[in-house]
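Asks: I'll drop the sequence and a predicted model, then ask my questions.
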Number of protein chains: 2
Amino acid sequence: MSEQTRFILSENDLPRFWYNILADMPVPLSPPLHPATGQPLTPDALSVLFPMDLILQEVSQERYIEIPEPVREAYKLYRPTPLIRARRLEKVLGTPAHIYYKYEGVSPSGSHKTNTALAQAFYNKVAGTHALTTETGAGQWGSALAMACRFFDLDLEVYMVKVSYQQKPYRRFLMETYGAQVFASPTDRTQAGRAILAADPESPGSLGIAISEAVEVAATSGGKKKYSLGSVLNHVVLHQTVIGEEALKQMDMAGEYPDMVIGCIGGGSNFSGIAFPFLRENLRNGHRTRLIAVEPTAAPSLTRGVYAYDFGDTAGMTPLMKMYTLGHSFVPPAIHAGGLRYHGMAPTLCALYDAGYIEAVAVPQRAVFEAAVLFTRTEGILPAPESAHAIRVAIDEALKAKETGEKRVILFNLSGHGHFDLSAYNAYINGQLEDLALPEEEIAAIPSRLPRIPQDQTA
Amino acid sequence: MSEQTRFILSENDLPRFWYNILADMPVPLSPPLHPATGQPLTPDALSVLFPMDLILQEVSQERYIEIPEPVREAYKLYRPTPLIRARRLEKVLGTPAHIYYKYEGVSPSGSHKTNTALAQAFYNKVAGTHALTTETGAGQWGSALAMACRFFDLDLEVYMVKVSYQQKPYRRFLMETYGAQVFASPTDRTQAGRAILAADPESPGSLGIAISEAVEVAATSGGKKKYSLGSVLNHVVLHQTVIGEEALKQMDMAGEYPDMVIGCIGGGSNFSGIAFPFLRENLRNGHRTRLIAVEPTAAPSLTRGVYAYDFGDTAGMTPLMKMYTLGHSFVPPAIHAGGLRYHGMAPTLCALYDAGYIEAVAVPQRAVFEAAVLFTRTEGILPAPESAHAIRVAIDEALKAKETGEKRVILFNLSGHGHFDLSAYNAYINGQLEDLALPEEEIAAIPSRLPRIPQDQTA
């Protein structure tokens, strides 16, 4: 039906399997290294933080991994999510391009993060975990995990960056309504937190500190508590592939196939979630869809970072991963897309980008909000500032298609809504938003922020 | 499929007609009266405020009124909305009842209000209106109309109760992002506003004052601006019947028929929207579904009000309508369900309640939030405090079914999400929420608040 706007799958079409890109990697993936020894990590070494099912998913070479029935049941509260053709946006742009978006903001906690939160909570529950610990910045991840822990009857401690805890009380209230305990990090509950507070009692906190606290609490709990991460790792990316698997079916319903798939990247999981199933079709079935990752100019890991081994956190407690990085001690400018303010990137995504299978582009903050407001006024949905990075590039590509007169089929991932980000919109509308691009001296300083390990392992 | 959770209609199942209860009213409806003369109002007298298409819908006796194609196209951005079986809630309650909810919070502006906002904006656009004026309290209605005006290229002036303007900036930012102008009422833009400010420069405003300002601006615009109302009137209720028409089809998909349909009432439009199509089935096809309207004990129009002619606004500028009222000068206690803080009620709903076709129950604030938190923790979705009134009674009915061991099929309308109401949740969780029931002397004072017209017309 050519006039259709939303493409809706039935519950029967909810995917039964996650797609594991590790089975199809066209380039080898460098192994994670132990943070202290610099030697390749054994699965066992991770078991203090994660249940074995997730560790096995981290290294599995199986192409398809079955989604457990209790996770599928929970997915059914909001999945399959809609694929929507942005007809009103197309019309305003006057483009011959067809623009589709997959809308993950219908998840109860408001973003794609729920897809992995439910899976991680489930695997922890069956492994006998009593409680999870995690960190959160802006709060999308913390909200999703808070809901998932309630669903699978786990306690949850969230270490929330203190400045966000103070400035974004609504996200905290949401986590608490789900039943989570939320602490303003740095806290006096951990050695890591106490050390920071001793040096600076007024520390506003950082994602790196919060990770250190959450990891420490899990690692010293005698196995009762495990740690949970919302992006970057292979098993997180795996769980997000439900997005792309559904989108493939829905594009088929629409009778089209995307020329390009676009998503924003912070740790890389929502982009990978929609893009990897399309990459499989490129690799195995001869499609040639462009896969475009969009990052902020304020934290341009792929476009300006260095491809090297680095820590996932600021304190250097996590394994070393080979990734495009701005350096683990890098503190990005305070753009409103808090979910994209991360120094590193998912190792699978980095390897694929390095080998040319994926493109990347960096966009500045004001252009992102310009796109977000245009989208809100045409499509009605207020996007998360993170997701608006994808909208910006979708619009740019649609305008290029207008210039050349080519019909292009564009698909992007609208990973979440912006209901908790309205102060940023207000700042933009009142002309108070700055671009906050990264100074060149920050880029030049990246190598000095890399850990002192033999980086020749990165070859 | 007995294990199904969400019942999803395709775009083809989007209703083509609104259902007009006036065609099937089993009791006569008392006519609206002119506020100055007390004589029955002619359609023409309303034309300074509304376009003729809406005035005709206000008095139409046609059973089915076709939804214009541009409105259906806009509905397709979020309609049909899902019907969801609350399996996890049922399980926690241990009830034999089956609980279904129709979820209107998937609308881009977050509530059912979008259903009538789009229709009203469309009819104004084709009538040549340049701009709309309206009032808003908590902001659900203002947000919906702001989106609709942007879609149909109309300017919009929103008179927002000053205390809400100050306390709920996010709702205001949302309206402004859609492109509306939002003023803190009382303003110095109107005679009504200036009079209030002259008497009290620090006036926090009220819905009544805001209505007076919005009405005055439209009435004195020389026909360029019209006024738009988000509930109470027949044409508003008409537009909301898409909810019930979809729910009828979805209950059929589920292979069940509701024993009761539950909704919250402020002005009555979301409850009427889901209930009237089921009332039609009661009246015309022999069904016996109970229709239960839920109001707050703080503003108990149906359960404690007087059935009499009264004004729709505080200043007495609107037509007189026969309705259950707490008196047009009544100021309800400051419960968090701002959308239910209204002195009157839709006249059709009142006539049907008076004749026994509809039941009503009043519930106190803390019990409502208790239900809301239980719902959030089981179903994941954070409900608007207004909608949580319906959840409270759905849970109570499910617990009665548990007591008697009877299987009951319960359907309620989850009219919106609570993403902008998290401070209320925080207050509840921290034990800072009070019930704010209405003192008996307030009830006793209702007759003294009624307008001095011959109330024998109410016979």
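Replies: Right, received. Where do you want to start? Numbers count the residues shown, from 1 in each chain, chains lettered A, B, ... in the order given.

Asks: wait, what's in contact with whichever residue of the stretch 251-400 of chain A sits closest to chain B?
Replies: Residue of the stretch 251-400 of chain A nearest chain B, by C-beta to the nearest C-beta: A:Gly380 (3.3 Å). (Glycine included, C-beta is placed from N, CA and C.) For A:Gly380, the contact set (C-beta atoms under 8 Å, 6 or more residues apart in numbering or on different chains) comprises B:Leu77, B:Tyr78, B:Pro108, B:Ser109, B:Met147, B:Phe151.

Asks: which one is the first one nearest to, not counting chain neighbours?
Replies: Ranked by C-beta to C-beta, 6 or more residues apart in numbering or on different chains and with sequence neighbours excluded, the top spatial neighbour of B:Leu77 is A:Gly380, at 5.5 Å.

Asks: returning to what we had before: could I get the pLDDT score of the residue of the stretch 251-400 of chain A closest to chain B?
Replies: According to the per-residue confidence, A:Gly380 scores 97 in pLDDT.

Asks: For it, give its distance to B:Lys91.
Replies: 35 Å (C-beta to C-beta, to the nearest Å).

Asks: And for A:Ser212?
Replies: As defined by C-beta to C-beta, A:Ser212 lies at a distance of 38 Å from B:Lys91.

Asks: residues near A:Gly286, how many?
Replies: By other C-beta atoms under 10 Å in any protein chain shown, 7 other residues sit near A:Gly286.

Asks: Show me which residues of the stretch 301-450 of chain A sit near chain B.
Replies: For the stretch 301-450 of chain A, the residues in contact with chain B (C-beta under 8 Å from any C-beta of the partner chain) are A:373, A:376-377, A:379-382, A:419-420, A:422-423, A:425-426, A:429.

Asks: Now with 10 Å, please.
Replies: Listed as neighbours of chain B in the stretch 301-450 of chain A under the rule C-beta under 10 Å from any C-beta of the partner chain: A:369, A:372-373, A:376-382, A:417-430.

Asks: Show me what A:Met323 is bridged to.
Replies: Beta-bridge partners of A:Met323, counted by DSSP bridges, are A:Ala308.

Asks: which residues touch it?
Replies: A:30, A:232, A:267-268, A:301-302, A:305-310, A:312, A:343-351, A:353-354, A:458 (C-beta atoms under 10 Å, 6 or more residues apart in numbering or on different chains).

Asks: Just give me the residue right at the centre of chain A.
Replies: What sits nearest the mean C-alpha location of chain A, by C-alpha atoms, centre = their mean, is A:Ser269, with 3.8 Å.

Asks: contacting residues for the closest residue to that residue other than its chain neighbours?
Replies: When the adjacent residues along the chain are set aside, A:Ser269 lies closest to A:Ser231, with 4.3 Å between them (C-beta to C-beta, 6+ apart). By C-beta under 10 Å, 6+ apart, the contact set of A:Ser231 is A:113, A:116, A:141, A:237, A:240, A:265-270, A:272, A:312, A:339, A:342, A:344-346.

Asks: Could you do A:Ile358 as well?
Replies: With contacts defined as C-beta under 10 Å, 6+ apart, the neighbours of A:Ile358 are A:261, A:265, A:268, A:271-272, A:275-276, A:279, A:290-293, A:302, A:348-352.

Asks: wait, A:Ile443 sits on A:Ala299?
Replies: No. Using C-beta atoms under 10 Å, A:Ile443 is not in contact with A:Ala299; the gap is 11.4 Å.
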